[in-house]
Structures are given as C-alpha cells and as structure tokens.
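*Asks:* This is a predicted model, with the sequence first.
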Amino acid sequence: MQAKDATTGTVYTTPTNITVSGSSGGAVTVTPSSVTLKPGATQQFTASDSAGLPVTWSATGGTITTSGLYTAGATTGTFTVTATDSNSNKGTASVTIQNSTSGSLNYTTWKNDNLRTGQQLQETVLAPSNVNSTHFGIKFSESVDGYLFAQPLYLSKLSIAGGTHNVVFVATEHDSVYAFDADTGGTALWHKNFIPSGASTVSESFVGSTIYPEIGITGTPVIDPFAGTIYFVTETLESSNVVFRLHALDVTTGNERPSSPVVISASGFQPKEQLQRPGLLLANGNVYIAFGSQGDHLPYHGWIFAYSAGSLAQIAVWNSTSTGGEGAIWMAGAGISADSSGNLYVMTSNGDYNGSTNFGQSFVKLSPNLTVLDHFTPYNWSSLSAVDSDLGSGGILLVPTQSVNFPHELIACGKPTTVWVLNRDKMGGLESAPNNGQAIQEVNSVVGGGAGTQSTDHCFMTPAFWQQNLYFIGNNDVMKAFHLDSTTGLMSTAPTSKSSFEFLFPGAQPVVSSNGSSNGIVWAANYSTSSVFLHAYDATNLATELYRSVSLGAGAKWATPTVVNGKVYLGTTSKLYVFGSM
C-alpha cells in the first residue's frame, strides 16, 4: 500500500495484499487481471474489445476515470472494476483492498518523491552534530561492472536471499542491476546483466554520445514497493541497431516479470539518435520514460512513453516536436516530475516551437495520457536555440503546496541566466516579453556562470527544497540557498547563505536529509573526470561545511547521493560507496 503526504508529495509504503481476478466477459478483456493496492493507491486498467467497440468504466470500492484509472477507496474488502461496450458485453477485474500495520522507509525514485524535492524527512541517525570527519566516513564499497549515472535506490526490511535485509539497488552503463545488502556489503544478493546473446552495450563512438565509454542503463530506475518491482531501461547494440527495452524485475530475485522486457518503439522514433537520460516516473499506474538526444545528432525529438506498470502495454506516446525537430528531454538526468493529480512536467531543449505541435525550449505540463495541458516558453526561445542555450539542461522542482497567492509553483533553471518561478495552474504560454507577469518571477544571474568549463551555461541541476529553502548548485558555482516566501510565492533575489567551496563543471544535484524540520543536511557530489568528493553542509547555514570526503576516484556527471537510514550511497565509475557513522 502507498500513502502520499499531500504537502511534500513524499510516498510512504507498507506491504499489503490485493487480489484481482479477471474474466473476458465475452468480448471484453480487462487488463491487468490481478493487482495489489492500498487505500488511495491508483491502478491503470485497459480494456480490449474483440469488436473494436469503445467501453465505459464503472467500479465499486473506489473511483475510476473514463480512461480506466482506478483509485482505491478507504474501505477494505473485495471490489469490482467493469468495462462495458456498446453491445453490453462486459469484462471485469476484482480488486481486494487491505490495510497493513507495519511501515518501511524506502527511497524508490530519483530525488525521493515525484515532486523531485530531494528531501528525505525521516533521517533519525545523521545530524549536523555527528556528520564530521571524526564520526562519519566510508563504511565500505562495492565494485560494479560499469559507470553509475543512475541514483541508487533503497528498500528496507525486504525478504530476500533467505533473510530480511535493507537493500540498495544500483544500475550500470554495462546494462547490469545489482542488489546489495545496504548495511554490511559483501557479495551481491543478486546481480543480473541484460545484454542479449550476441549483442553489446552501445559505444560512445558509435552514436557520438557524451556518455562514455559505453551506454547501457543511464536513467535512474523506479521501484514500485507494493508490487515489489523495479523498472529500468537498457540500451543495447544488436546487429548494428540500437535497441531500448523497458524491463520489470522482481526485486527479491532479479527475475523478469511476465511480459518483461518490451522494446520501446513508436512511429518516427529513431533509437540511434536518442538517449534515455531522465529518471523514470511511476504515476497513474504507469511507468513514464523520457528521451533526449545522443550529442545533438539529427534527426531527433524529445519523447515521453507511458507503459502500464502491470502489463507493460504501451499506453501513450508524446513527441515534443512532432511536426518539427529537436526539443530533447534530458534535464541532466532529473526524473520527470508529477503533481498529486498525476500531471507530468518536463523541460525541453533547443528545438522548434509553435505552441501546438512543437514545444522546443519550453516548460510543458501533460496529462496522465500525455496530452499537453499547458506550457510556458520564454520570449527569446529562438535566440536561445541559436546559441545552444538549452532551457532543459536542468530539471523541475514542483514546490509543495504553498499557503496563499500561488499554491502550486514550479521552480527551475537551465543554461540561460534565469531562474524561473511559474504558476502550475496557469503557466502562461508563449511569453511576450521578459518579466511581463506571465511568470510569477524571473530571477537573473544569481546561479552559475562562474569562470570555467562552459562558463556561459548556468544550470545543469534541479534545486532541492526544505523548510522554504531552495538549494542550487550552478555550473562553476558555490552552493546557494534562497528563501521562498509561502505567502507571496517569491524567492529571495539574493542567497540567504552559501558555501565557500566552488563546485566544478557541471555543478551538482543537491539532496536534503532531516528529521522533520530539524537536523537538516544538504548533500552533494563534486564531480570531475578524475575524482569525485561527497560534501555535506548545514542546511540552515551553507557556510558550515560539515564533511568532505577523500577523493573517490573518477565520477559520473550528476551523480546524486541517496541518504536514508543513517547511510549515504554514492556511485562512481566503478564502485558504490557507502558512508555512515564510524
């Protein structure tokens, strides 16, 4: 079962059993035929009618939309979902809803929640008082077979390998997934490689990518803790063809789920030119997968695919520039963001724009079925594209609900000089001029832009959020905190605190751990091709650096630390490092 904090978007999970049985109902078949849900959880159902007739949906024990998205009610028991076609043929699925009394602390998606706040509010071990070079450091490391671009994920109290373990999952560019004991290390609980016989990973030279030396699993996976399934996308080279596959594995064994894997495809989708860089999103009973480009080699588009989490059937596809070109969705590895209604938010990069079929250089809000609901495009989108100033080099923070003027905000920055604060309820469309009121706020030249590599590019990151503080680490810049006023919806135009250490190109992805509103720590990894360091700062005053690790060897861009249950997990080009109390 799942429960979502309405303020932060944080998902809390508990084991639960739901039994679903299905029948064809004559000409109508409902999929999936068996699921497990908790009160308030959602499940996307689909119907197949042998005569090709449309169906209408009805349900007991919860609500269901016209598109078949079921939301479980608060009452436990066994209930029915029904699809009826115009000839009165019916197909059914039976849903059993159960509560559970035990809870677990998990970290199942990029930056911990679908708002992408980066905050983990249940850290009862690590605090500013004990995170220092005397009492905190490297506990152990685990060797892996490839670069770790994806953020480590975590499940606690998992029954696996004949015992109960806290488990950390990592995915490599060699198309491997590992499950390690998160506390003691040692031999992997399981390790599986997903390169088919006769195939290989994709070399950087074959596609001209900025990821090297090989490309395999790049986007951060996502875990459904109720179903016990981890989802991820592999990239392989097969008979000179690039192939992307969506996999769904049992977290306890690493074995493929039924119908897994599926080849990702769509009309006009050219795998060789695309890169699955963003973190995956689990929402609305679907797995959402976004694509950018391989080093801007034409022709490419930005793409989002939706697959049923249960059946892996393709639900919807969106092309960001369907009558034009480019518009990549890469966001420095950030996960697709989603609000409490299941709407999706992404930033696109250089590309064509017309506001109807082409959405290059835009913030885009999409429905669960991937129709465009709203967007915001800077007035100078064309000139930004002309100089390769990607809006979408950063990711989107969906701010937890605020109190007065603008309850639903998003905040983001990209290569341009601006930090944008937008109203998710009325994004503004094409901006007619800068600072004309279509955006809530545009704050210029406060993040990034320091001397160094790509000095004119400002942001390759997603700000973290904690206690009305926004944390940015721009390109060639120090870490900076800004205050967000919950009444006006405006962020401060100058930092409230900042670090003395300057992070190198391309900046870093900050995350926060705390015990509720206390003991806040901001964590980040400073990257270079030769070394990576873990940093920790007092979240109330970034001038206080609590900890800086020794060099961990060569790192991967935008490596994002995972902080949970008194440990910090960070990937490099060959190892998973685990930090904790000494």
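*Replies:* The structure has been received and is ready for your questions. Numbering: from 1, shown residues only.
*Asks:* Would you map out the domains in the chain?
*Replies:* 17-97, 110-581 (automatic domain parsing).
*Asks:* Least confident of these, on average?
*Replies:* Per-stretch mean pLDDT for these is lowest at domain 17-97 (a mean of 78).
*Asks:* Relative to the whole chain's centre, how far out is it?
*Replies:* Domain 17-97 sits 28 Å away from the centroid of its parent chain (C-alpha atoms, centre = their mean, to the nearest Å).
*Asks:* and if you look at stretch 468-479?
*Replies:* On C-alpha atoms, centre = their mean, the centre of stretch 468-479 falls 20 Å from the chain's centre.
*Asks:* distance between the ends of it?
*Replies:* 16 Å (C-alpha to C-alpha, to the nearest Å).
*Asks:* Buried residues of that stretch, list them for me.
*Replies:* 469-479 (16 or more other C-beta atoms under 10 Å). (Each C-beta comes from the backbone N, C-alpha and C, glycine too.)
*Asks:* Same list (those residues) but as TSV, adding distance to G216 and secondary structure.
*Replies:* Formatted as TSV, the buried residues of stretch 468-479 follow (distance: C-beta to C-beta, whole Å; DSSP: H, G, I helix; E, B strand; the rest coil):
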residue	distance to G216	secondary structure
N469	36	strand
L470	33	strand
Y471	30	strand
F472	30	strand
I473	27	strand
G474	29	coil
N475	26	coil
N476	29	coil
D477	31	strand
V478	34	strand
M479	31	strand
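*Asks:* Highest mean neighbour count out of the domains of the chain?
*Replies:* domain 110-581 (a mean of 21; mean count of other C-beta atoms under 10 Å).
*Asks:* For it, measure first residue to last.
*Replies:* End-to-end for domain 110-581, by C-alpha to C-alpha: 24 Å.
*Asks:* rewinding a little: JSON lines please, covering the domains of the chain and showing distance to S104.
*Replies:* Compiled in JSON lines, the domains of the chain are given as follows (distance: least, C-beta to C-beta, whole Å):
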{"stretch": "domain 17-97", "distance to S104": "13"}
{"stretch": "domain 110-581", "distance to S104": "5"}
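*Asks:* what's near enough to touch the spatially most distant residue from the centre of the chain?
*Replies:* The centre of the chain is farthest from one residue, N87, which by C-alpha atoms, centre = their mean lies 41.9 Å away. Residues near N87 by C-beta atoms under 8 Å, 6 or more residues apart in numbering: 27, 51, 53.
*Asks:* switch to 6 Å and redo it
*Replies:* The contact partners of N87, by C-beta atoms under 6 Å, 6 or more residues apart in numbering, come to none.
*Asks:* and it, which of the three is it?
*Replies:* coil (DSSP: H, G, I helix; E, B strand; the rest coil).
*Asks:* For it, grab phi and psi.
*Replies:* Phi and psi for N87, reported as degrees, to the nearest 10, are phi -100, psi 10.
*Asks:* Check the gap between it and G52 for me.
*Replies:* 11 Å (C-beta to C-beta, to the nearest Å).
*Asks:* May I have the beta-bridge partners of the most centrally placed residue in the chain?
*Replies:* By C-alpha atoms, centre = their mean, the chain has its centre lying nearest to G335, at 2.4 Å. The bridge-partner assignment for G335, based on DSSP bridges, gives G279.
*Asks:* does it really touch G279, like I thought?
*Replies:* Yes. Counting by C-beta atoms under 6 Å, G279 is a contact partner of G335 at 3.1 Å.
*Asks:* which of the buried residues of stretch 468-479 lies closest to A47?
*Replies:* L470 (43.8 Å; C-beta to C-beta).
*Asks:* which residues does the closest one contact?
*Replies:* Counting by C-beta under 6 Å, 6+ apart, L470 has contacts 463, 482, 484, 491.
*Asks:* So which residues of the stretch 51-200 of the chain form strands?
*Replies:* With DSSP state E, counting those that start in this stretch applied, the stretch 51-200 of the chain shows strands at 55-59, 62-64, 69-72, 77-85, 90-97, 119-120, 136-143, 153-160, 163-171, 176-181, 190-193, listed in chain order.
*Asks:* Could you list every helix and strand in contact with the last one?
*Replies:* Packing partners of strand 190-193 (3 or more C-beta pairs under 6 Å, 6 or more residues apart in numbering; DSSP states H and E): strand 176-181.
*Asks:* what helices or strands is the strand it packs on leaning on?
*Replies:* strand 163-171, strand 190-193.
*Asks:* For the longest one, which strands pair with it and how are they oriented?
*Replies:* Think strand 163-171. Using DSSP bridges, strand 163-171 pairs in its sheet with strand 153-160 (antiparallel), strand 176-181 (antiparallel).
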